[in-house]
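**Student:** pasting the sequence and the predicted coordinates here, then a few questions.
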Amino acid sequence: MDKVELKFLRITYSHTHAGAYALILAEVVGDRRLPIIIGGVEAQAIAIQVENIKPARPLTHDLFKNVADELAFNLKEVIINDLVEGIFHAKLVIEQNGREVGIDARSSDAIALALRFDCPIHTYEFILGAAGLKVEEGDEEKEKEAEASEPKKPGKSKEKRSVTAASIDELRGMLEEALDNEDYERASKLRDEIKRREQTN
């Protein structure tokens, strides 16, 4: 299976799941995004590393890294290797003395560890093809501007129509709007609905 290298992009608030966050991964070579919904604790574990915060005592992922250093094994890569009923699965590829083993992990834990070990993150093309969201040309600048600006007020965006009541053309428009607003979770649902309708037509 063809592997695609990803990089950590950002963590944003989930618009539809209270207390949840969207972990956004991006293709290293390409323009697709892979949003993964994670919990607050998992988001904190990733944010602490990204923001280079040093806790007084090691957190679980820091402890894993310390154990790895002491026992001389290395996290060679992380692979987002499956997508089952909307849940991403991951594998840690551990290397020690020339021997490799694969260990199942939650995707959020795998990313938190990848950032600590500074190792590559990969997924397979079939996963990115099914769950990835394409960023159109010029949207990269919009994303950077959005990060630096104040959050958009709810009143400024168009009222979201019911997905089931919308036509496929309206769904495509809603998908573009969701991507512009960096609402990757809603964009995922809209993309799935468009694909479902295209397959039934």
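**Tutor:** Cool, got the structure. Numbers count the residues shown, from 1 in each chain.
**Student:** so what's A130 closest to, chain neighbours aside?
**Tutor:** Counting by C-beta to C-beta, 6 or more residues apart in numbering, A130 lies nearest to L83, which is 6.2 Å off, once chain neighbours are set aside. Just so you know, the C-beta spots here come from the backbone N, C-alpha and C atoms, and that holds for glycine as well.
**Student:** what's the helix or strand where L113 lies packed up against?
**Tutor:** Per DSSP states H and E, L113 falls inside helix 107-117. For helix 107-117, the packing partners by 3 or more C-beta pairs under 8 Å, 6 or more residues apart in numbering; DSSP states H and E come out as strand 3-13, strand 20-27, strand 32-39, helix 40-50, helix 60-71, strand 74-84, strand 87-96, strand 121-124.
**Student:** what residues go with each domain of the protein?
**Tutor:** Following automatic domain parsing, one finds the domains of the chain at 3-131, 151-200.
**Student:** quick check: which of those is buried the most?
**Tutor:** Scoring the domains of the chain by mean neighbour count under mean count of other C-beta atoms under 10 Å gives domain 3-131 as the most buried, with a mean of 16.
**Student:** mind checking how far it is from the chain centre?
**Tutor:** 9 Å (C-alpha atoms, centre = their mean, to the nearest Å).
**Student:** ends of that domain, how far apart?
**Tutor:** 15 Å (C-alpha to C-alpha, to the nearest Å).
**Student:** do stretch 96-113 as well
**Tutor:** Counting by C-alpha to C-alpha, you get 17 Å between the two ends of stretch 96-113.
**Student:** quick thing: my sequence starts at 811, can you match it?
**Tutor:** Got it, the first residue is 811 from now on, which makes the last one we talked about stretch 906-923.
**Student:** K886 contacts V903, doesn't it?
**Tutor:** Yes: using C-beta atoms under 8 Å, K886 is in contact with V903, at 4.6 Å.
**Student:** overlap of the contact sets of these two?
**Tutor:** E910 (C-beta atoms under 8 Å, 6 or more residues apart in numbering).
**Student:** how much space between the nearest residue to G849 once chain neighbours are set aside and V903?
**Tutor:** In this structure, G849 finds its nearest non-sequential neighbour in A830, 6.1 Å apart by C-beta to C-beta, 6+ apart. Note on A830: its distance to V903, by C-beta to C-beta, to the nearest Å, is 28 Å.
**Student:** E815 too?
**Tutor:** Applying C-beta to C-beta, the value for E815 to V903 is 14 Å.
**Student:** just the element for R1006, please.
**Tutor:** Counting by DSSP H and E, R1006 is found in helix 994-1010.
**Student:** kindly calculate the angle that that helix makes with strand 813-823.
**Tutor:** Here helix 994-1010 runs at an angle of 130 degrees relative to strand 813-823 (axes from the mean of the first three to the mean of the last three C-alpha atoms, to 10 degrees).
**Student:** quick one: contacts for the residue nearest to A940?
**Tutor:** Per C-beta under 8 Å, 6+ apart, neighbours of L893: H899, I937, A940, A941.
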